[in-house]
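Enquirer: A structural model of the following input is requested.
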Amino acid sequence: MKKLLLMMIFCVYSFGEMQFSEPLPTFENPRKWVIKLNTANIEDVNHMLGSINNVLKEYPAESIKIAVVTYAQGVRSMRKDYDPATLTRIKSLMEYDVEFIVCRNTMDTMKWTDDEFLKGSNFVQAGIAEVIERIAGGWIGVEPY
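Expert: Okay, the predicted model is just below:
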């Protein structure tokens, strides 16, 4: 039992704190993470939101920028008639400056209008093009689901 306790203490001290790579993320030079969301599956969307929360906890305030680009089925997750609990989580992340972007091409295909979407949503014509340009501009593209 004593060995187990010592091993647990060792693990906490050895692996418990995040080690940032150089250059360190700062307000002036934040990490930039773009997430492609192309599914409306509630479990996948909530897993992604949980991952965003976990990442926000690891970084010092205002040292990471996060943008979620929705396209195809992912656009549904930003509609006012989507799962209310999930929308509450999205609104909460918006308060932490997580940017949620909606693809107008998908909206046009579905004949949806801006007022059907969560307040605070940003809109671009082509979601995929937005992801490409963010990555070309130095954003890291990682899908957490």
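
Enquirer: need the strands for this protein, in chain order.
Expert: Using DSSP state E, the strands assigned to the chain run over residues 31-37, 64-70, 99-103, 122-124, 140-141.

Enquirer: Mind listing what's buried along the longest helix along the chain?
Expert: Of all the elements of type helix in the chain, the one with the most residues (DSSP state H) is helix 42-58. For helix 42-58, burial by neighbour count (16 or more other C-beta atoms under 10 Å) applies to 44, 45, 46, 48, 49, 51, 52, 55. C-beta: built from backbone N, CA, C; applies to glycine.

Enquirer: The chain: helices as residue ranges?
Expert: Shown for the chain, the helices assigned by DSSP H span residues 2-15, 42-58, 84-95, 104-110, 127-136.

Enquirer: closest one to residue 67 among those?
Expert: Distances from residue 67 to each of these were compared by C-beta to C-beta, and the smallest falls on helix 127-136, at 6.4 Å.

Enquirer: so that closest one versus strand 64-70, what angle?
Expert: Angle, helix 127-136 to strand 64-70, by axes from the mean of the first three to the mean of the last three C-alpha atoms, to 10 degrees: 160 degrees.

Enquirer: What residues sit buried inside helix 127-136?
Expert: Neighbour counts using 16+ other C-beta under 10 Å place 127, 130, 131, 134 of helix 127-136 among the buried residues.

Enquirer: Out of the buried residues of helix 42-58, the closest to residue 21 would be?
Expert: When the buried residues of helix 42-58 are ranked by distance to residue 21 (C-beta to C-beta), residue 55 comes first, at 14.5 Å.

Enquirer: Which pLDDT value belongs to the closest one?
Expert: Model confidence at residue 55, expressed as pLDDT, equals 96.
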